[in-house]
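Asker: Return a 3D structure for these sequence lines:
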Amino acid sequence: MVLVARGLSNHEIATHLHISHGTAKAHVTNLLDKLAARDRVQLVITAYEAGLMTPTP
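Answerer: Residues are numbered from 1 along each chain as shown. Predicted coordinates for the structure are as follows:
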């Protein structure tokens, strides 16, 4: 979720985590489903609200 909140694409997440693009996409889809989020923007908001991310100046 932190990688999504940082603005990484599925491809970038896959590269960062050394997993396939399909696996990264599946993880993002699971996050969307489990958190009942409409889109990646809501995941970012949730990450900030949960304290996983903090604004940088």
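
Asker: the longest helix in this structure is where?
Answerer: helix 21-34 (DSSP state H).

Asker: Can you give the contact residues for the helix or strand following that one?
Answerer: The helix or strand immediately downstream of helix 21-34 is helix 40-49, counting by DSSP states H and E. Contact with helix 40-49 is made by 1-2, 4-5, 7, 28, 31-32, 35, 37, 53-55, as judged by Cβ atoms under 8 Å, 6 or more residues apart in numbering. Yep, even glycine has a C-beta here, placed from its N, CA and C like the rest.

Asker: which regions of the chain lie under the pLDDT threshold?
Answerer: Scanning the chain for pLDDT under 70 picks out no residues.

Asker: ranking the contacts of helix 40-49 by neighbours, who comes first?
Answerer: Using other Cβ atoms under 10 Å as the neighbour test, the contacts of helix 40-49 are led by V4, with 23 neighbours.

Asker: Please, which helix or strand holds it?
Answerer: According to DSSP H and E, V4 maps onto helix 2-5.

Asker: Identify the residues contacting that helix?
Answerer: Residues contacting helix 2-5 (Cβ under 8 Å, 6+ apart): 12-13, 16-17, 28, 31, 40, 43-44, 47-48, 52-53.

Asker: please redo it, this time with the cut-off set to 7 Å
Answerer: With Cβ atoms under 7 Å, 6 or more residues apart in numbering as the test, helix 2-5 has contacts from 13, 16, 28, 40, 43-44, 47, 52-53.

Asker: ok now that helix, how far from the chain's centre?
Answerer: Centre-to-centre, helix 2-5 and its host chain are 4 Å apart (Cα atoms, centre = their mean, to the nearest Å).

Asker: Following it in sequence, what is the next regular element?
Answerer: Past helix 2-5, the next helix or strand by DSSP H and E is helix 10-17.
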